[in-house]
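Visitor: fold the following for me, if possible:
(one chain, ligands or ions: 2)
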Amino acid sequence: MQKSRRREFLKKSIMGISGAALVPGTLNTAIAKGPQQKEIPYLPSRTLGRTGIKTPVISLGAQSVTTPGFVTAAYYAGIKLFFSATYYGEGNNEILVGKGLKGLPRDSYVLGTAVPPIGFDEREDKFAKDFTPEAFVKKTEGSLKRFGLDYVDILLFPQVCKRENVLYEPMLKVMQDLKKQGKTKFLGIATHDMCEDAIMAAADAKIYDVIMIAYNYKVKNKESLDKAMKYAANAGLGILAIKTTAGAFWDKKRTKPINTDAALKWVLQNENVSSIVSGMSSIEELKKNLAMINNLKMSDQEVNDLKLASSDSEPGLYCQQCKKCMPQCPHNLQIPTIMRSYMYAYGYKDMEHAQHTLLEAGLTGNPCQKCEVCNVNCISGFNIKERIMDISRLANVPGEFLKA
Ligand code: SF4
Ligand code: SF4
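Guide: Ligands and ions are numbered 1, 2, ... in the order given. Take a look at the predicted model:
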């Protein structure tokens, strides 16, 4: 597609036809025609805080994407915002996303990536002495090289939860320097759902423009989380939601799928959320999500399906990352990270990401075997020992068996 055409179309969309419904046939045609089509479909959009970026309420989180072609198809289907991370596929995901966006007008899409600083221990949520700004710059430049680009639109400092770390002076400075050098347009943090302090600190820091946050119908701290999100939105930050389906299935056998339309609508009821960064990996998923955004009203059935009113709601696969279990384990296991791995494996069937997360938690054997009894209580009602015994088997499976 010629640059001018896409620009003209986007301009029209922003100026006049917001709210126009995306007809499923239009989407099919857009995906099938790809670069040959005249217009990119317009999708219902919101503004990402003070970045001023108008983005469809569904964006692509590329962690499970396996081909560049899918990224390109998503672009032609109307997706504007794409996210990767240095730790997805050990950098290979950034290469893949870069290939998928190659040759497209640079101002027609928005690309973000998450770069964890060397010397930031996300398990302990603290900076160590070996943190250096130079290493962070080098890591970010490595990211740009893999994308094949001079800059990203949004650079995220991921998996930070404590206020003191969001406000860590050397980190703030190096991020601002990268922005001044033109290597990123906007800055942000990514955090879990029990981190209201981090959200508010990001607003107070004044340098951040975007927050990515785990937000779904299973969160137990909705009231305080909504308050923190409102605080950040009022300060001008754009809010992106992740982990929005809370595991995709209620059970590990995948016999009870979560109503994903209902889960996504639930998130978008909160108008402070600009867009959902959804880990889509197939055209079917893309079509389903894009069809959903034409009608965000939740039906009674959808409310029912999320078991919002049910007192015996199943534990499901989603861990709140509250860390309340950790002090209860004498072996000091990184239970929240291990539970995330369990969800990636059983909920999303993303075994590579699940294994990577297990290793991130430092789990190489089966430490629970040593315990006759486990007294760890989980606020979500998980049987912690059973889940760890189960998922720990994945740690030593050779990587080639896990590739799709
Ligand atoms: S069984 Fe596992 S989780 Fe429970 S106390 Fe022992 S090591 Fe910790
Ligand atoms: S396993 Fe349970 S207690 Fe531990 S972080 Fe997850 S939800 Fe919280």
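Visitor: now stretch 52-66: average pLDDT?
Guide: For stretch 52-66, the mean pLDDT works out to 95.
Visitor: buried residues of that stretch, list them for me.
Guide: Within stretch 52-66, the residues that qualify as buried by neighbour count (16 or more other C-beta atoms under 10 Å) are 53-65. Quick note: C-beta positions are derived from backbone N, CA and C, even for glycine.
Visitor: what about it, start to end distance?
Guide: The stretch stretch 52-66 measures 31 Å between its terminal residues, going by C-alpha to C-alpha, to the nearest Å.
Visitor: show me what the longest strand along the chain is packed up against.
Guide: Longest among the strand segments of the chain by residue count, using DSSP state E, is strand 184-191. Packed against strand 184-191, as judged by 3 or more C-beta pairs under 8 Å, 6 or more residues apart in numbering; DSSP states H and E, are the following elements: strand 152-157, helix 169-180, helix 196-205, strand 210-214.
Visitor: how about those, which one is nearest ligand 2?
Guide: Closest to ligand 2 of the helices and strands packed on strand 184-191, according to C-beta to the nearest ligand atom: strand 210-214, at 11.6 Å.
Visitor: the closest one and ligand 2, are they touching?
Guide: No: judged by C-beta under 6 Å from any ligand atom, strand 210-214 stays clear of ligand 2, getting no closer than 11.6 Å.
Visitor: and the stretch 301-404 of the chain, which residues reach ligand 1?
Guide: Proximity of the stretch 301-404 of the chain to ligand 1 is assessed by C-beta under 6 Å from any ligand atom, with 329, 330, 331, 333, 367, 368, 371, 374, 376, 384, 385, 388 identified as the residues in range.
Visitor: mind checking which of the residues you listed are in helices?
Guide: Where those overlap with helices, as defined by DSSP state H, the overlap consists of 384, 385, 388.
Visitor: which one of those has the most neighbours?
Guide: Highest neighbour count within these, by other C-beta atoms under 10 Å: residue 388, with 27 neighbours.
Visitor: counting neighbours, what do you get for the nearest residue to that residue once chain neighbours are set aside?
Guide: For residue 388, ignoring the flanking residues on the chain, the nearest one in space by C-beta to C-beta, 6 or more residues apart in numbering is residue 368 at 4.8 Å. For residue 368, the count of nearby residues is 21 (other C-beta under 10 Å).
Visitor: quick check: residue 368 vs residue 152, distance?
Guide: Counting by C-beta to C-beta, to the nearest Å, the gap between residue 368 and residue 152 amounts to 40 Å.
Visitor: what does stretch 251-263 contact?
Guide: Stretch 251-263 has contacts (C-beta atoms under 8 Å, 6 or more residues apart in numbering) with 216-217, 244-250, 288-289, 292, 298, 302-303, 305-306, 314, 316-317, 342, 346-347, 349, 390.
Visitor: same check, this time on stretch 322-335
Guide: Residues lying outside stretch 322-335 but in contact with it, judged by C-beta under 8 Å, 6+ apart, are 123, 194, 220, 336, 361-363, 367-368, 370-371, 375-379, 384, 388.
Visitor: what of stretch 239-246?
Guide: Residues external to stretch 239-246 that are found in contact with it (C-beta under 8 Å, 6+ apart): 48-49, 59, 61, 81, 83, 190, 193, 210-218, 229, 232-233, 258, 260, 263-264, 267, 272-279, 316-318.
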